[in-house]
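*Asks:* I would like the atomic coordinates for the input below:
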Amino acid sequence: MELFDTHTHMDSKNFDEDRAETIERAREQGVTRMINIGFNRETIPTTLKLAEEYEFIYAAVGWHPQDAITMKEEDLDWIAELCKHEKVVAIGEIGLDYYWDTSPKEVQHEVFRKQIRLARQLGMPISIHNRDAHEDVVRILREEKASEIGGVMHSFSGSWEIAKMCLDMNFHLSFGGPITFKNAKQPKEVLMKTPLDRLLIETDSPYLTPHPFRGKRNESGYVRLVAEAAAELLGKELEEIAKITTQNALERFGIR
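*Replies:* As a prediction, this is how the structure comes out:
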């Protein structure tokens, strides 16, 4: 069985004491590939270091909306240059975050648009961070013709109406820990309606830890718990969900 964690932060300081062991545990759980996300000036270099160290770890590089206010024009040039790296498979995570009040909305919008334009120019898929900003995220993706490159709605938390708009724009929907939560009705309902060929799984570790470890540090190996929850919701075997989501990820990110 092969599992693909499409969104993780294994370079996080939360793993400084046991990073190698945690990655090995993920391998033991069947994780054969993961995409680590470099999302600002600090985490892009650590993400690339990890991708260069481990053959099965790939990288996405971009500027997170919480950090939008810190982004300079040369950072955009830096991201463009890094996209030539053989292990960089996407631009992300990019998008809008209206929960944390760290960057003004208009700055977030501008940084988001610039990165979509860059991705279109380079032909790279994008990984979307969307927190409490569904309508604006969809509107900007549409206005910037993001459907030309498509990508992933990371840790999708919107309604089926929003999901349909994203699917229509050539995006995959990725689900993580919340589909294991008892009271998380909406992500479960959306997952059950998502076309199988657009379904991805992730951990977003060290965040969004699935049940029964909720409240503790998340890790990539727990993507197996996400896959098990998806299999149960869809009435399928774990191995089938693993195969489908891994194949989808390989195709989405152009990994051979």
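
*Asks:* buried sites along stretch 216-232?
*Replies:* Within stretch 216-232, the residues scored as buried using 16 or more other Cβ atoms under 10 Å are 218-231. The way it works is simple: take the backbone N, C-alpha and C, and place the C-beta from them, glycine included.

*Asks:* Output those residues in CSV, with distance to residue 250, secondary structure and pLDDT appended to each entry.
*Replies:* Shown next, in CSV, are the buried residues of stretch 216-232 (distance: Cβ to Cβ, whole Å; DSSP: H, G, I helix; E, B strand; the rest coil; pLDDT from 0 to 100):
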residue, distance to residue 250, secondary structure, pLDDT
218, 23, coil, 98
219, 22, coil, 98
220, 17, helix, 98
221, 20, helix, 98
222, 21, helix, 98
223, 15, helix, 98
224, 18, helix, 98
225, 22, helix, 98
226, 18, helix, 98
227, 16, helix, 98
228, 21, helix, 98
229, 22, helix, 98
230, 17, helix, 98
231, 19, helix, 98
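
*Asks:* out of all of them, which helix in this structure is the longest?
*Replies:* Counting by DSSP state H, the longest helix found in the chain is helix 105-122.

*Asks:* got the contact list for whichever strand or helix holds residue 173?
*Replies:* Here residue 173, judged by DSSP states H and E, is contained in strand 171-175. Outside strand 171-175, the residues that touch it by Cβ atoms under 8 Å, 6 or more residues apart in numbering are 6-7, 128, 141, 146, 150-156, 163, 166-167, 187, 190-191, 194, 198-202, 226, 230, 248, 252.

*Asks:* hmm, try it at 6 Å
*Replies:* The contact list for strand 171-175 (Cβ atoms under 6 Å, 6 or more residues apart in numbering) reads 6, 150-154, 156, 163, 191, 194, 198, 200, 202, 252.

*Asks:* After it, which helix or strand is next? Please name it.
*Replies:* Downstream of strand 171-175 (by DSSP H and E), the next one is helix 185-193.

*Asks:* mean confidence for that following helix?
*Replies:* Mean per-residue pLDDT for helix 185-193: 97.
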